[in-house]
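Colleague: 3D model of this:
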Amino acid sequence: MAALPEAPVLAKKEIVVLGAGVVGLTTALKLQRQENYQVTVVSELIPSDPKSIKYTSPWAGAHHVYNPLKESEPERYGFEEETFNVMWELSESGTHSEESFLRITQTEYFFNDRAKPDPLEKMPNFRHLREDELLPGAKSGYEFSTVTIDVPVYLNYLLMQFLAYGGRIIRGTVQHVNQILEGGTRLFSGGSTRDPLPDAVVVCAGIGARFLGGVEDKDVYPVRGQTVLVRAPWVRFGRTVTLDDSGAVTYIIPRRSSDVIVGGTRASDDWYPRVRPETSEDILKRGFELCPELAPPEVRAVRKPTIDDILPHVVAEGCGLRPARKGGIRLEIEWEIPVIHNYGHGGYGYQTSWGCASKVLKLLDEALGIQSVPKTN
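Modeller: Prediction:
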C-alpha cells in the first residue's frame with residue numbers, strides 16, 4: 001500500500017513586534033497562534049519589571065466600557081466589540097484565564113448628552129436607570145455587565161501564552177525601525193547571529209512612536225492619568241460618572257485581586273512622571289462621594305463613614321501616560337518590507353487590543369500574500 005503524501009511544511013515568516021504593552025503582546029500572541037508566523041517581541045520594558053512612566057500598560061484601570069461612536073474612527077467600535085467578546089470568553093468561570101478578570105455590574109452616570117446610537121446598549125444585561133436611581137443633576141444613566149482587567153496578572157498571562165505558543169521576547173532599545181529591518185534581532189544580547197532578518201515589523205510602540213526613528217509621529221501625545229489603589233475586597237461593582245464631553249470622569253474599578261482602582265484624571269500633553277499628592281487627594285474625595293462603600297462594612301454598619309476611614313486601606317498611587325494620537329489609532333502598512341503601525345490607542349488600548357490584532361493579521365497576510373492557518377494546539 002502506497003504511503004500517504006506528507007503534508008507540506010509551511011515556511012514561517014519572521015515577524016518582529018516592537019513593544020510589550022497590552023497592544024504589542026496581544027498582537028504578538030495573535031500572530032504567533034498562526035502556523036505561518038514566528039514572532040519575536042523586542043521591548044525595553046516587559047511585564048513584571050518595576051513600574052516606569054515609559055511603560056503605560058501596567059498603570060491602566062482597566063475595564064471594558066464602550067466609547068461613544070466617532071466618525072473620525074469608523075473602525076474603532078468593531079475593534080472594541082471583538083475585544084469584548086474575547087475578554088468575556090476569557091473571563092468565563094473555570095477557564096485558565098479567569099484570574100485576570102472580574103465580571104461585575106457596572107453603573108454609568110452621565111451629566112452630558114449621549115450620542116446615538118450608543119454602543120453601550122449592546123452590553124450584557126443592559127438597562128436604562130430610572131429617574132429615581134440617577135445622581136442629582138445627572139441627565140441619564142445605564143447599568144450593564146462587563147469585565148474589569150487585573151492588568152499585572154493579564155499582561156503576564158499574555159506573555160506566558162505567547163511564549164507557550166513558541167514566541168520569543170528580547171529586551172532591547174530600538175532607536176530607528178531601520179535597525180530592525182537591516183540587523184533584525186541579532187543586534188540584541190538575547191538574539192543570535194543565526195537569526196534571520198524579519199519579513200515584517202509591527203510597531204506597537206505606544207508613546208514611543210513619537211520618538212522612534214522612521215516613525216516620529218508628532219500626532220502622538222500623552223493623556224496623563226493618575227489613580228489611587230484601595231484594598232477593598234468588599235467592593236464588587238463598578239461606577240463611573242462622566243461630567244462632560246471632554247471625558248472628565250470619576251470611576252471605581254474593582255479587580256479580582258481585591259484591589260479597587262479609584263480615578264481619575266485625563267490631562268492632555270501633561271508629561272509629568274510622578275504622582276501629584278494634591279491630585280490623589282482630589283481623586284479620593286471624588287471617589288468617596290461616588291462610592292462611600294469604599295469604607296469598610298464594619299464601619300458603615302455602626303456610623304456614617306468619612307474619607308478618613310478609607311485612608312488606612314490605600315495601598316498605592318500611580319500615574320501613566322496614555323498614548324493618544326490626533327486622528328485616533330494608526331493601523332496601516334507601509335514600506336517595501338512591510339512595517340505595520342498599531343499605536344495611538346489612548347486610554348482604550350485594553351478594549352481595542354484583540355480587534356486591532358486581528359486587523360494587523362489581515363494586513364500582514366495581504367502584504368505577504370499568504371493566508372494564515374491557526375495552530376491546532
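Colleague: need the contact list for residue 316.
Modeller: 228, 229 (Cβ atoms under 8 Å, 6 or more residues apart in numbering). Backbone N, C-alpha and C define where each C-beta goes, glycine included.
Colleague: please read the previous query as pertaining to residue 101.
Modeller: Contacts of residue 101 by Cβ under 8 Å, 6+ apart are 87, 90, 91, 147, 148, 149, 150, 154, 256.
Colleague: repeat that for residue 54.
Modeller: 44, 45, 207, 208 are the contacts of residue 54 under Cβ under 8 Å, 6+ apart.
Colleague: state the distance from it to residue 368.
Modeller: Distance of residue 54 to residue 368, given as Cβ to Cβ, to the nearest Å: 31 Å.
Colleague: try residue 261
Modeller: 40 Å.
Colleague: ditto for residue 113
Modeller: 46 Å.
Colleague: neighbour count: the two, which is higher?
Modeller: residue 368 (16 against 9; other Cβ atoms under 10 Å).
Colleague: what bridges to the nearest residue to that one once chain neighbours are set aside?
Modeller: Spatially, and ignoring its direct neighbours in sequence, residue 368 is nearest to residue 13 (5.8 Å; Cβ to Cβ, 6 or more residues apart in numbering). Legend: beta-bridge partners of residue 13 under DSSP bridges are residue 37.
Colleague: what about the stretch 201-350 of the chain, any weak spots by pLDDT?
Modeller: 244-248 (pLDDT under 70).
Colleague: quick one: the helices in it?
Modeller: 277-290, 297-300, 349-368 (DSSP state H, counting those that start in this stretch).
Colleague: just the CA atoms of the second one, as CSV, please.
Modeller: The one in question is helix 297-300. What follows is helix 297-300, C-alpha atoms only, in CSV (Å, rounded to 0.1, in the frame of the first residue of the first chain):
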residue,chain,number,x,y,z
PRO,A,297,-18.6,47.5,56.0
GLU,A,298,-18.0,47.2,59.8
VAL,A,299,-17.7,51.0,59.9
ARG,A,300,-20.7,51.6,57.8
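Colleague: quick one: contacts of it?
Modeller: 234, 292, 293, 305, 309.
Colleague: just send those residues back as TSV, with distance to residue 22 and neighbour count too.
Modeller: Listed next are these as TSV, based on distance: Cβ to Cβ, whole Å; neighbours: other Cβ atoms under 10 Å:
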residue	distance to residue 22	neighbour count
234	28	14
292	32	16
293	29	18
305	35	18
309	34	18
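Colleague: what separates the residue nearest to residue 368 from residue 113, distance-wise?
Modeller: Remark: distance between residue 13 and residue 113 (Cβ to Cβ) = 48 Å.
Colleague: now swap in residue 142 and tell me
Modeller: From residue 142 to residue 113 the distance is 14 Å (Cβ to Cβ).
Colleague: same deal with residue 295?
Modeller: Distance of residue 295 to residue 113, computed by Cβ to Cβ: 33 Å.
Colleague: and if you look at residue 304?
Modeller: In terms of Cβ to Cβ, residue 304 sits 34 Å off from residue 113.
Colleague: likewise residue 51?
Modeller: 37 Å.
Colleague: and if you look at residue 154?
Modeller: Applying Cβ to Cβ to residue 154 and residue 113 gives a distance of 34 Å.
Colleague: how about residue 214?
Modeller: In this view, residue 214 and residue 113 are 42 Å apart by Cβ to Cβ.
Colleague: just residue 206 next, same as before
Modeller: 32 Å.
Colleague: can you check residue 273 too?
Modeller: Residue 273 sits at a distance of 36 Å from residue 113 (criterion: Cβ to Cβ).
Colleague: rewinding a little: tell me the most buried of the helices of the stretch 201-350 of the chain?
Modeller: helix 349-368 (a mean of 22; mean count of other Cβ atoms under 10 Å).
Colleague: against which helices or strands is it packed?
Modeller: Applying 3 or more Cβ pairs under 8 Å, 6 or more residues apart in numbering; DSSP states H and E, we find helix 349-368 packed against helix 22-32, helix 76-90, strand 200-203, strand 330-334, strand 339-343.
Colleague: excluding its backbone neighbours, what's nearest residue 113?
Modeller: That would be residue 139: by Cβ to Cβ, 6+ apart, it lies 6.4 Å from residue 113.
Colleague: run a quick neighbour tally on the one you found.
Modeller: For residue 139, the count of nearby residues is 12 (other Cβ under 10 Å).
Colleague: please tell me how far it sits from residue 108.
Modeller: Per Cβ to Cβ, residue 139 is found 12 Å from residue 108.
Colleague: between the helices of the stretch 201-350 of the chain, which gets nearest to residue 251?
Modeller: Proximity to residue 251, assessed across the helices of the stretch 201-350 of the chain by Cβ to Cβ, is greatest for helix 277-290 (8.1 Å).
Colleague: so what does the closest one touch, helix or strand wise?
Modeller: strand 220-231, strand 249-254, strand 259-263.
Colleague: let's have the ones you listed in CSV, adding distance to residue 327 and mean neighbour count.
Modeller: What follows is those, written out as CSV (distance: least, Cβ to Cβ, whole Å; neighbours: other Cβ atoms under 10 Å):
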stretch, distance to residue 327, mean neighbour count
strand 220-231, 10, 22
strand 249-254, 22, 24
strand 259-263, 25, 25
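Colleague: kind regards, and thank you for your time.
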